[in-house]
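>>> mind looking at a prediction? Sequence and model below.
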Amino acid sequence: MTAGPSKRARQPREPDWLTVEEAQRTVLSRIQQIGVEDVPITEALGRVLATDVESTLVHPPWDNSAMDGYAVRSKDVADVSRERPAVLEVVEEVQAGDFPTRAVAPGEAIKVMTGAPVPEGAEGVTRIEYTEPGPRPGGSPRSRCTGGPASVYSPRATNWPTSTSWTWCAMAVAS
């Protein structure tokens with residue numbers, strides 16, 4: 001026979017933990033700054049920065065895609081859903097390391113790979129994971145918005161990817 005929880009464990013008790021703010025105050029009240037010194041970068045391993053460091057270089061130097069997807073204009077996909085997909089022509093594919101040769105025009109999408117520059121005219125990149133094949137009228141490649149979170153790319157001159165969910169949409173090239 002297995003014993004159940006003890007009588008003490010079953011009794012409700014008042015919370016005795018700290019809030020995040022109380023814990024921060026407690027920890028920070030015990031920390032003392034030990035001074036600031038300038039050291040060569042080659043001797044900085046294991047040290048902590050005393051101030052922010054700002055780059056003199058613009059990086060990335062262009063908006064770039066944080067994942068594989070389709071560069072689109074928000075007006076083209078603003079009101080789409082699985083029930084009401086938008087069909088856009090995929091006019092180009094841009095690999096990481098390549099550059100787009102044209103801007104995204106109304107009714108168009110440009111397929112971009114992770115790290116590829118986002119073409120002019122596009123306000124976001126729709127993730128490829130939320131795609132399904134679309135029709136191919138007239139033999140031209142087409143894509144269809146089908147539903148899913150959209151728009152992930154790194155804007156020019158930031159050091160971290162910024163997620164911008166401006167619509168619910170997904171794009172896919174029909175093969």
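Happy to help now that I have it. Numbers count the residues shown, from 1 in each chain.

>>> who's in contact with residue 41?
For residue 41, no residue meets the contact criterion (CB atoms under 8 Å, 6 or more residues apart in numbering). Just so you know, the C-beta spots here come from the backbone N, C-alpha and C atoms, and that holds for glycine as well.

>>> where do the strands of this structure begin and end?
For the chain, the strands defined by DSSP state E cover 64-65, 69-72, 87-94, 108-112, 124-127, 142-144, 152-154, 162-163.

>>> quick one: mean pLDDT for the second one?
Confidence for strand 69-72, expressed as mean pLDDT, is 87.

>>> highest average neighbour count across the strands of the chain?
Of the strands of the chain, the one with the most neighbours on average (mean count of other CB atoms under 10 Å) is strand 69-72, at a mean of 30.

>>> quick one on the thing from earlier: out of the strands of the chain, which comes closest to residue 12?
Closest to residue 12 of these, according to CB to CB: strand 162-163, at 40.9 Å.

>>> just give me the neighbour total for residue 68.
For residue 68, the neighbour count with other CB atoms under 10 Å is 17.

>>> pretty sure it contacts residue 115?
No. At 9.7 Å, residue 68 does not count as touching residue 115 under the criterion of CB atoms under 8 Å.

>>> returning to that earlier point: in TSV: the strands of the chain, plus distance to residue 17.
Converted to TSV, the strands of the chain look like this (distance: least, CB to CB, whole Å):
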stretch	distance to residue 17
strand 64-65	43
strand 69-72	42
strand 87-94	51
strand 108-112	46
strand 124-127	39
strand 142-144	50
strand 152-154	36
strand 162-163	32
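
>>> now for those, which one comes closest to residue 47?
strand 152-154 (28.0 Å).

>>> any chance you could list what contacts the lengthiest helix in the chain?
If you go by DSSP state H, the chain has its longest helix at helix 20-28. With CB under 8 Å, 6+ apart as the test, helix 20-28 has contacts from residue 18.

>>> nearest to residue 33, of the strands of the chain?
Distance to residue 33, taken as CB to CB, is lowest for strand 162-163 among the strands of the chain, at 32.0 Å.
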